[in-house]
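Engineer: give me a 3D structure for the following:
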Amino acid sequence: MITRYAAELATAGTTAALGIVTMIGATEYGIGWGKSGPEPGTFPFYTGLIVALASAGIVAQTVVARGKFTTPFLTAAQLRPVLAFSLPIVAFVIASLVLGLYVATALYLLATMVFQAKYRLRVALPIAVAVPIGLYLLLEKAFQVSLLKGPLEGMLGL
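Structural biologist: Numbering: from 1, shown residues only. Take a look at the predicted model:
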């Protein structure tokens, strides 16, 4: 069981880290005032600063109100459907980086339709193949938007 107190602190810590990373990255582009106005990193720097400060405020508020967080944020029973949704998405991202977006899309659709939605393979397979082909034709050919390709597309010369 994850308590609401732990969830609040973890979320605030994550957003604070994102704010700090944004601030550090923005300093590479300059955060001062240049000849033609604010330098490119000024807006991202102050946005990151606001996020980091707000996160620090949430941490303080959570610590002060610790006794009020008695309800669980996530129980073991609730974790199963969350993981059933999240893990395939993570696998899709990893597969996209290794195999390319179109192959990963086909695998994701096939696995989701067969294992989660309980479609028969003879129904799921044509859909899992047709959707990436349709996306390829629409995006790459019609709109000329190149997306991440993997080794299969390279072998096919796409």
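
Engineer: quick one: contacts for Lys149?
Structural biologist: Lys149 sits next to 100-102, 158 when contact means C-beta atoms under 8 Å, 6 or more residues apart in numbering. In this view, the C-beta of every residue, glycine as well, is placed from N, C-alpha and C.

Engineer: run the last query once more with 6 Å
Structural biologist: With contact set as C-beta atoms under 6 Å, 6 or more residues apart in numbering, Lys149 has these partners: Gly100.

Engineer: for Ala60, see how far away it is.
Structural biologist: Lys149 sits 47 Å away from Ala60, going by C-beta to C-beta, to the nearest Å.

Engineer: quick one: least confident helix or strand in the protein?
Structural biologist: Within the chain, no helix or strand scores below helix 151-156, which has a mean of 82 by mean pLDDT, DSSP states H and E.

Engineer: which elements pack onto that helix?
Structural biologist: For helix 151-156, the contact count by 3 or more C-beta pairs under 6 Å, 6 or more residues apart in numbering; DSSP states H and E identifies no helix or strand as a packing neighbour.

Engineer: repeat that with 10 Å
Structural biologist: helix 76-99, helix 101-111 (3 or more C-beta pairs under 10 Å, 6 or more residues apart in numbering; DSSP states H and E).
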